[in-house]
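Colleague: Give me the fold of what follows.
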Amino acid sequence: MDVTVLNEEETDRPRPSATTGGDHARALDLPTGKVSILLVDDEPANLAALEAILGDLDENLVRARSGREALRCLLKQDFAVILLDVRMPEMDGFETAVLIRERQRSTYTPIIFLTAAHRDETHVARGYSLGGVDYLLKPFEPEILRSKVAVFVELARKTEIVRRQSELLRAIEKGEHEKELADTRAAHLKDLEGKNRELELGRRILEEKVRELARANEDLEQFAYVASHDLQEPLRMVSMYVQLLARRQKGKLDKDSEDFIAFAHEGATRMQSLIHSLLDYARVGAGGAPFEEVACETVFDQVMRNLQVARQESGAVVTRDPLPVVRGDAIQLATLLQNLIGNAIKFRGEEAPTIHVAAERSGPEWLFSVRDNGIGIEPRFLERVFVIFQRLHTRESYPGTGIGLSICKKIVERHGGRIWVESQPGRGATFRFTMPVEREGPESDQAAGTATA
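Modeller: Residues are numbered from 1 along each chain as shown. Predicted structure coming up:
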């Protein structure tokens, strides 16, 4: 049977105010669109009677002449209330109600059971157990049925407005949340931009400070070089005249005067040594030669020749592993190795010095090491030894100016490397420094075998 919608064209005829669903809706400011009511009965006369009773509500009345037809209607639309006859062929009202409740969208749709046959309490109880909101026995009062249906119509409108308000509230909350997120993002971006400007300003200031420091270091190195060079001549004159005075007045002065002359000569000699060391330190930055390929084994052999007397006097044994070719200043690299090996010979213990020089590839750099069996260094002095004019021992115990390791540090840094020392008192020391690997090929990895000096 086709579904028939009735009374859609009778919106203007008068309706009783006490039972008019549209008036209730307007009074409550609810949606005034028509809602649908499903009428299910296998008898056309009964359907016509229901339409006549509910016509004054001015809603969409949908007919269904069987349970199956009612289920098809529920697949197409939702209903405010279902008036369901209990006694129908093929599928009765109870079986239809079970299937209605299985559909999620109609689980809570109100069902009013109508019957003239099943009047006993068992059937009434079954109707309520299946989710029925009412169980009316025929014949019934039209006004009562109309009032009950009007309540569910009004409830449907209220439910609809609650749904709409919920959707609106969610939309508002979503909009407010998105606005809050947008404001937060904008604030973060503004803060980030401010921090970026501060960082950029700080970077520029730092770069300028670095340039100023570089200029100051260059000026300082130049000053040290010039000052040290200019001091040598008057100092030589002081030393020469003190020696001349000592020779001419020998035997004519008392012992105190001779001691004073000796102290003056010793001080002048020490000052000359300091000036020479200071000049060497200044030359590392100011007077270095351009970098070129340097065979470290050739540099090692030259250092061994320079230290031949010191090695013979101390009985030192200096060995090496294969050493690479690097880019650098050959004179400064020789100074570096000579200072490290010379210190290992100088700061020896009771045993004859045993010194070993090695190098190994470590990623983008060469790692050199100079290991000895000398007196070692206390851990708290491992950084201090590279500071200019810092001495850990008296001049009487170990002569020197305290500049050698400072020169080593400056040479390594000029070549783009790092230098440090590992040591324990009485267990020797291992000085390590790095040099960048500038090129690949046979020359950078060449080795002439282990040598012993």
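
Colleague: Only C-alpha atoms from now on, for both contacts and neighbour counts.
Modeller: Noted.

Colleague: So in this protein, where's the weakest helix or strand by average pLDDT?
Modeller: strand 5-6 (a mean of 37; mean pLDDT, DSSP states H and E).

Colleague: Tell me which helix or strand the nearest residue to Tyr108 once chain neighbours are set aside sits in.
Modeller: Closest residue to Tyr108 apart from its sequence neighbours, by Cα to Cα, 6 or more residues apart in numbering: Arg101 at 7.3 Å. Here Arg101 sits within helix 93-102, counting by DSSP states H and E.

Colleague: List the buried residues of that helix.
Modeller: 93-94, 96-97, 100 (16 or more other Cα atoms under 10 Å).

Colleague: what does stretch 45-55 give?
Modeller: So stretch 45-55, judged by 16+ other Cα under 10 Å, has buried residues 47, 50-51, 54-55.

Colleague: can you put these in a markdown table and add secondary structure, pLDDT and distance to Gly251?
Modeller: Listed next are the buried residues of stretch 45-55 as a markdown table, based on DSSP: H, G, I helix; E, B strand; the rest coil; pLDDT from 0 to 100; distance: Cα to Cα, whole Å:
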| residue | secondary structure | pLDDT | distance to Gly251 |
| --- | --- | --- | --- |
| Leu47 | helix | 92 | 153 |
| Leu50 | helix | 92 | 152 |
| Glu51 | helix | 91 | 152 |
| Leu54 | helix | 91 | 149 |
| Gly55 | helix | 89 | 150 |
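
Colleague: so which of those residues would you say is closest to Ser362?
Modeller: Leu54 (94.8 Å; Cα to Cα).

Colleague: correct me, but that closest one touches Lys148?
Modeller: No. Using Cα atoms under 8 Å as the test, Leu54 is too far from Lys148 to be in contact (10.5 Å).

Colleague: Enumerate the beta-bridge partners assigned to Leu38.
Modeller: Val62, Ile82 (DSSP bridges).

Colleague: Measure how buried it is and give me the count.
Modeller: 23 (other Cα atoms under 10 Å).

Colleague: what's the spacing between it and Tyr128?
Modeller: Per Cα to Cα, to the nearest Å, Leu38 is found 19 Å from Tyr128.

Colleague: With Glu143 instead?
Modeller: When Glu143 is compared with Tyr128 (using Cα to Cα), they lie 22 Å apart.

Colleague: any idea how this structure splits into domains?
Modeller: 5-140, 208-282, 289-452 (automatic domain parsing).

Colleague: possible to save these as TSV with distance to Leu168?
Modeller: Below are these laid out as TSV (distance: least, Cα to Cα, whole Å):
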stretch	distance to Leu168
domain 5-140	15
domain 208-282	58
domain 289-452	63
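
Colleague: Point out where this protein drops to low pLDDT.
Modeller: 1-32, 216-233, 235, 267-288, 388-402, 439-453 (pLDDT under 70).

Colleague: hey, which helix is longest across it?
Modeller: Longest helix in the chain, counting residues (DSSP state H): helix 142-248.

Colleague: Please compute how far that helix lies from its chain's middle.
Modeller: In this view, helix 142-248 has its centroid 14 Å away from the chain centroid, taken as Cα atoms, centre = their mean, to the nearest Å.

Colleague: Report how many residues lie close to Glu258.
Modeller: Neighbours of Glu258 (other Cα under 10 Å): 17.

Colleague: Equivalent analysis for Asn196, please.
Modeller: Neighbours of Asn196 (other Cα under 10 Å): 12.

Colleague: Tell me how far it lies from Leu189.
Modeller: Counting by Cα to Cα, the gap from Asn196 to Leu189 is 10 Å.

Colleague: now swap in Thr115 and tell me
Modeller: Counting by Cα to Cα - Thr115 and Leu189 are separated by 71 Å.

Colleague: In terms of packing, which of these two has more residues around it?
Modeller: Thr115 (20 against 12).

Colleague: I figured the more buried one was touching Leu136, is that so?
Modeller: Yes. Counting by Cα under 8 Å, Leu136 is a contact partner of Thr115 at 6.6 Å.

Colleague: Measure how buried Thr298 is and give me the count.
Modeller: Counted with other Cα under 10 Å, Thr298 comes out at 14.

Colleague: again, but for Gly202
Modeller: Counted with other Cα under 10 Å, Gly202 comes out at 12.

Colleague: contacting residues around it?
Modeller: When contacts are counted by Cα atoms under 8 Å, 6 or more residues apart in numbering, Gly202 touches no other residue.

Colleague: centroid residue for this structure?
Modeller: Leu192 (15.6 Å; Cα atoms, centre = their mean).

Colleague: What distance do you get for that residue to Glu102?
Modeller: 56 Å.

Colleague: for Gly33, same thing?
Modeller: Gly33 is 28 Å from Glu102, by Cα to Cα.

Colleague: Likewise for Thr109?
Modeller: Taken as Cα to Cα, the span from Thr109 to Glu102 is 11 Å.

Colleague: Fine by me, thanks again.
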